[in-house]
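Trainee: From the sequence below, what's the structure:
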Amino acid sequence: MRRKHRHTGQDESSEIDMTPMLDIVFIMLIFFIVTASFIKESGIEVNRPSAATGEPSETAHIVVSIKSDGEIWIDKRPVDVRAVRANVLRLHVENPLGSVIIAADRDTKTHVLVSVLDQIRQAGIPNPVIATETESR
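Mentor: Okay, here's the model as predicted:
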């Protein structure tokens, strides 16, 4: 025997319309991209020296960190001193309005700091800044 199927007016293939969900995901993606911080962190924490004349800054920067043992970090990865110029130049092209901040540990050897400063200046950044902790008076 053959049965007859009755159609109740509903389509046999019931699919979920994904367009509103894709719109929401796209809007969230744009929101996170726009609100994301463009600061290029070095990836390590250093014990910065303190200074009475330090000034806080809220703009996006390129951070070059130097550990007390002379290890240099840029963009969350260790970098050789000879590669500082190329890395800073690449990050500066991505963020031309950002300045370069050197976050050197207070126990960093002076010759390492001067080498990093020299590499940054050779990359075309005339006035790199050295990060300090603000002294409380």
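Trainee: for the chain, what spans make up the helices?
Mentor: 19-35, 84-94, 110-122 (DSSP state H).
Trainee: Among the ones you listed, show the one with the smallest mean pLDDT.
Mentor: For these, the stretch scoring lowest in mean pLDDT is helix 19-35; its value is a mean of 81.
Trainee: For that one, list the C-alpha coordinates in CSV.
Mentor: The C-alpha trace of helix 19-35 is given here as CSV (Å, rounded to 0.1, in the frame of the first residue of the first chain):
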residue,chain,number,x,y,z
THR,A,19,22.6,35.8,7.7
PRO,A,20,21.8,37.6,11.1
MET,A,21,24.4,35.5,12.9
LEU,A,22,27.1,36.3,10.3
ASP,A,23,26.1,40.0,10.5
ILE,A,24,26.6,39.9,14.3
VAL,A,25,30.0,38.1,14.0
PHE,A,26,31.2,40.6,11.4
ILE,A,27,30.1,43.6,13.5
MET,A,28,31.9,42.1,16.6
LEU,A,29,35.0,41.5,14.5
ILE,A,30,35.0,45.1,13.4
PHE,A,31,34.4,46.3,17.0
PHE,A,32,37.4,44.3,18.3
ILE,A,33,39.7,45.5,15.6
VAL,A,34,38.8,49.1,16.1
THR,A,35,39.0,49.0,19.9
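Trainee: in that helix, what's buried?
Mentor: Taking 16 or more other C-beta atoms under 10 Å as the neighbour-count basis, helix 19-35 is seen to contain no buried residue. Any C-beta I mention is one placed from the backbone N, CA and C, and that applies to glycine too.
Trainee: possible to save the helices of the chain as JSON lines with distance to residue 64?
Mentor: Compiled in JSON lines, the helices of the chain are given as follows (distance: least, C-beta to C-beta, whole Å):
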{"stretch": "helix 19-35", "distance to residue 64": "25"}
{"stretch": "helix 84-94", "distance to residue 64": "7"}
{"stretch": "helix 110-122", "distance to residue 64": "6"}
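Trainee: who wins for proximity to residue 69 among those?
Mentor: Checking those against residue 69 by C-beta to C-beta gives helix 110-122 as the closest, at 9.3 Å.
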